[in-house]
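[1] got a predicted structure here, sequence first:
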Protein chains: 2
Amino acid sequence: MPAMPILKELKQTRPFRSPAQEATVALLRTADMANRLVDAVIERHGITGQQYNVLRILRGAGETGLPTLDIAERMIEQTPGITRLIDRLETKKLVARERCATDRRQVFCRITPAGLALLGRLDEPVRAASDDALRHLSKKDVAQLIELLDRTREGINATISKEIKS
Amino acid sequence: MPAMPILKELKQTRPFRSPAQEATVALLRTADMANRLVDAVIERHGITGQQYNVLRILRGAGETGLPTLDIAERMIEQTPGITRLIDRLETKKLVARERCATDRRQVFCRITPAGLALLGRLDEPVRAASDDALRHLSKKDVAQLIELLDRTREGINATISKEIKS
DNA sequence: GGAATTTACTTGACGCGTCAACTATTGAGC
DNA sequence: GCTCAATAGTTGACGCGTCAAGTAAATTCC
């Protein structure tokens, strides 16, 4: 039961040029839908999906917090956007920043108690949204999906390193 | 060989709250990587990934073209951004717009010969990028991945319709 | 056939990703 | 110690998604 094949879904006449291309498009569209679903849950609580990610990272980092760029590394995102993202979290009093004394270039970011409380309220609904999104898949399917995606990322990583060399 | 488990990849101490959540995160990260790979190829040719998508849609639509909002429907995206997206394509002379005579509310967009030529140059490298991304997967794996993703989208769609009702 | 809706866009404002500079420190080599 | 390079972060500019509000041209309904 392939549900709704991508081809129809896109109302596209032109067929895919390879199965891999069909899979890639399916991957992108599926991820976008999942993102919307999860973001919708998060945004009801007054922060964006990206802001939520930052808060989660900072919660994981504990008391000491993290330098700005270390946060960026743990996100999907690259670098410069992180500054403004954290600016907004600081405005909302969910994150506090402080220049490091021993290395004055670094700025440590810590999650505030208000930030922790917000995360606490979000953990359950966010998990529920993920479970909902995948509820058509059996336990085994989910494991299989994770495995396929892991291997896909590995392949992409390899491709990228190859390109950097050339 | 699960390559690099998501958990390590994120340097995150806190474990996932459910397999579904791990799968969701894997999905989002994998899609992001795939997107970067493909976009990198496209952007070498002077347009963005979204602009490429619009051009593909318009190529599929043929001579008559498509009204603005019909393009938006076929994209991942919702509505209003499409206007400005096409503005930029028009500036680049890759798309032409013309108000419909019979229904003057509509604006028909058509791909120009220059746009078609650009797409022609991109088809091959884009397909190659997809193939590269998934080269660690066997034919069977790719089919399996497509199937799992199709079913996932189906589940998300159902979840969303359910929410709209409530 | 004229008012009230609906449709097809368009525009403004804001969040976010990304590249290219630019500043402030710190560290390394001499 | 002093120059030079690397590191940590910030800022400006632009593309894009998204919501809310606005405009203009059909359509619908008395």
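    Perfect, I can see it now. Numbering: from 1, shown residues only, chains lettered A, B, ... in the order given.
[2] where exactly do the strands run in chain A?
    Secondary structure of chain A (DSSP state E): strands located at A:66-67, A:95-99, A:107-111.
[3] mind putting those strands into TSV with distance to chain B and mean pLDDT?
    For every residue, glycine as well, the C-beta is placed using N, CA and C. Output for the strands of chain A, formatted as TSV (distance: least, CB to the nearest CB, whole Å; pLDDT from 0 to 100):
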stretch	distance to chain B	mean pLDDT
strand A:66-67	10	96
strand A:95-99	18	96
strand A:107-111	13	97
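[4] can you put the ones you listed in JSON lines and add mean neighbour count?
    JSON lines is the format used below for the strands of chain A (neighbours: other CB atoms under 10 Å in any protein chain shown):
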{"stretch": "strand A:66-67", "mean neighbour count": "19"}
{"stretch": "strand A:95-99", "mean neighbour count": "15"}
{"stretch": "strand A:107-111", "mean neighbour count": "20"}
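[5] out of those strands, which comes closest to DNA strand D?
    strand A:66-67 (3.2 Å; CB to the nearest atom of the strand).
[6] the helix ranked longest in chain A and chain B in contact?
    Identified as the longest helix of chain A according to DSSP state H is helix A:139-165. Yes. Contact of helix A:139-165 with chain B (CB under 8 Å from any CB of the partner chain) involves A:139, A:141-160, A:163.
[7] contacts with DNA strand C among those residues, please.
    The subset of the residues of helix A:139-165 next to chain B within reach of DNA strand C, by CB under 7 Å from any atom of the strand, is empty.
[8] so how many other residues sit close to the residue of chain A found nearest chain B?
    Per CB to the nearest CB, A:Ala31 is where chain A lies closest to chain B, at 3.1 Å. Neighbour count of A:Ala31, defined by other CB atoms under 10 Å in any protein chain shown: 25.
[9] please apply the same query to A:Thr64.
    Using other CB under 10 Å, the number of residues around A:Thr64 comes to 7.
[10] cool, and A:Ser18?
    A count of neighbours around A:Ser18, defined by other CB under 10 Å, yields 15.
[11] tell me which residues touch it, please.
    Applying CB atoms under 8 Å, 6 or more residues apart in numbering or on different chains, we find A:Ser18 in contact with B:127, B:130-131.
[12] 6 Å instead, please
    B:127, B:131 (CB atoms under 6 Å, 6 or more residues apart in numbering or on different chains).
[13] do you know how far it is from B:Thr159?
    Distance of A:Ser18 to B:Thr159, given as CB to CB, to the nearest Å: 31 Å.
[14] same check, this time on A:Gly62
    According to CB to CB, A:Gly62 and B:Thr159 sit 34 Å apart.
[15] picking that back up, what subset of the residues of helix A:139-165 next to chain B is buried?
    Neighbour counting with 16 or more other CB atoms under 10 Å in any protein chain shown marks A:141-142, A:144-157, A:159 as buried within these.
[16] what does chain A have sitting close to DNA strand C?
    Going by CB under 7 Å from any atom of the strand, the residues of chain A near DNA strand C are A:47-51, A:75-78, A:80-82, A:84-85, A:88, A:103-105.
[17] buried among these? Make that a PyMOL selection.
    Restricted to buried positions by 16+ other CB under 10 Å, the PyMOL selection for these reads:
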select buried, chain A and resi 47+49+50+51+75+77+82+85
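[18] can you show me the helices along chain A?
    Ranges of helices within chain A are A:6-9, A:19-43, A:49-61, A:68-74, A:81-91, A:113-133, A:139-165, based on DSSP H.
[19] dump the ones you listed into TSV; add mean pLDDT as well.
    Converted to TSV, the helices of chain A look like this (pLDDT from 0 to 100):
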stretch	mean pLDDT
helix A:6-9	53
helix A:19-43	94
helix A:49-61	95
helix A:68-74	93
helix A:81-91	96
helix A:113-133	95
helix A:139-165	88
